[in-house]
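**Student:** Show me the folded form of this:
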Amino acid sequence: FAHESLRLHPASPQAVRRAGADGQLPTGHRFAAGDSVVIDMVAANRDASVFGDDADAFDPSRTLADGVTPWGLTFGSGFHACLGQELAGGLPPGQSDGDRLLGAITVMISKLLDAGARRSSLHPPVRDERTTRPTWRTYHVVFDPQFDQQGEPR
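**Tutor:** This is a model prediction of the structure:
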């Protein structure tokens, strides 16, 4: 679920690159050496031709074509790939020496859930309207160790 969350909600919604040579995008738009090219990560990560007709939906079991990362372009790609992508996001099954390599995000969420972390019913989450990014201004949690990760009583 961490990879699918990262795909749908990249930390940086855009990537800006400077063209090293004149060129043309698949859309037909031309650019010159030195021009800035902006990659819309949110749109790219929801491309139906890559992620399926339900690309906007959260589906941690999504089937992907070979070569498509489950987090989309969230960590960049190729030469510009984030060096910390495996540390933060981990690797899908079959791409590491063991069953899977869990990233820091998955480990932290798992530990919070193991400790009984639940959204507070007294203080509902508040979206941060100061930015165009879909993020929270406040998100209160409480710890109730009587429940497991699925919310079932222990």
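**Student:** Count the neighbours of the residue nearest to G103 when sequence neighbours are not counted for me.
**Tutor:** Sequence neighbours aside, G90 is the residue nearest to G103 in space, at 3.1 Å (criterion: C-beta to C-beta, 6 or more residues apart in numbering). For the C-beta atoms, the positions are set from N, CA and C on the backbone; glycine is no exception. Using other C-beta atoms under 10 Å, G90 has 21 other residues around it.
**Student:** any idea how far G90 lies from D59?
**Tutor:** 18 Å (C-beta to C-beta, to the nearest Å).
**Student:** Would you check that the residue nearest to G103 makes contact with A2?
**Tutor:** Yes - with contact defined as C-beta atoms under 8 Å, G90 reaches A2; the gap is 6.9 Å.
**Student:** R7: what's it in contact with?
**Tutor:** Going by C-beta atoms under 8 Å, 6 or more residues apart in numbering, R7 touches 45, 51, 70-72, 74.
**Student:** try V141
**Tutor:** Neighbouring residues of V141 by C-beta under 8 Å, 6+ apart: 112, 117-120.
**Student:** Now go through these and say which are in strands.
**Tutor:** Per DSSP state E, strands hold the following members of the contacts of V141: 117-119.
**Student:** For D40, list each beta-bridge partner.
**Tutor:** Q14 (DSSP bridges).
**Student:** Give me the helices and strands touching the lowest-mean-pLDDT helix or strand in the chain, please.
**Tutor:** Every helix and strand of the chain was ranked by mean pLDDT, DSSP states H and E. The lowest is strand 101-102, at a mean of 74. If you count contacts as 3 or more C-beta pairs under 8 Å, 6 or more residues apart in numbering; DSSP states H and E, strand 101-102 packs onto strand 90-91.
**Student:** partner strands of the strand it packs on, parallel or antiparallel?
**Tutor:** Strand pairing for strand 90-91, determined by DSSP bridges: strand 101-102 (antiparallel).
**Student:** who touches the lengthiest helix in the chain?
**Tutor:** Secondary structure of the chain per DSSP state H: the longest helix is helix 104-114. Defining contact as C-beta under 8 Å, 6+ apart, one finds that helix 104-114 is touched by 2, 6, 87-90, 102, 141, 148-149.
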